[in-house]
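> from the sequence below, what's the structure:
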Amino acid sequence: MANVGRPTDYTKEIGDAICVRVADDEGVAAICRDETMPSRTTVYKWLREHSEFANNYARARSDQGHTVADEMREIRRKVEDGTLDPAAARVIMDALKWEAGKRNPKSYGEKVALIGGDDGDPPIRMVQRRIVDAG
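Residues are numbered from 1 along each chain as shown. The predicted structure is shown next:
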């Protein structure tokens, strides 16, 4: 008798298929609506239990940042050719920039630099102050 229903046992093939779809900017919820894919609960369980899958999934999420950056180029082109309102594009671009920065911070994240502590500058100090109610 053939297996019926969603897969619950991890296989490299299913894990790889999930990762390809994630890298292509498809969400886990959408992937898991596919009857040939496991449920979200199963995917999250696999992420905890299978380190190879967890590592591949993390890389797929990072790759998703590149996919989202490519989407920004498409939005820009639509504005340039007049098929997308610039105000709508701005809202979309802000969301895509945030997502790309979270998915792949090394390539698209905000750079944070600490200044001081070298070249004669005074060292950086953290000061915690207590506010006291004078009343």
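
> in this protein, where's the longest helix?
Scanning the chain for the longest helix, with DSSP state H as the assignment, gives helix 51-80.

> model confidence for the closest residue in space to residue 19 that isn't next to it in sequence, exactly?
Distance criterion CB to CB, 6 or more residues apart in numbering; nearest residue to residue 19, sequence neighbours excluded, is residue 60 at 4.0 Å. For every residue, glycine as well, the C-beta is placed using N, CA and C. Residue 60 carries a pLDDT value of 97.

> and if you look at residue 52?
Model confidence at residue 52 (pLDDT) stands at 97.

> count of neighbours near it?
By other CB atoms under 10 Å, 11 other residues sit near residue 52.

> what's the answer for residue 71, then?
Going by other CB under 10 Å, the residues that sit close to residue 71 add up to 16.

> below-threshold pLDDT in this protein: ranges please.
1-4, 112-135 (pLDDT under 70).

> for residue 79, see how far away the residue nearest to the spatial centre of it is.
Geometric centre of the chain, nearest residue: residue 103, 2.9 Å, by CA atoms, centre = their mean. Separation of residue 103 from residue 79 (CB to CB, to the nearest Å): 23 Å.

> the residue nearest to residue 19 reaches residue 16, doesn't it?
No. Using CB atoms under 8 Å, residue 60 is not in contact with residue 16, being 9.4 Å away.
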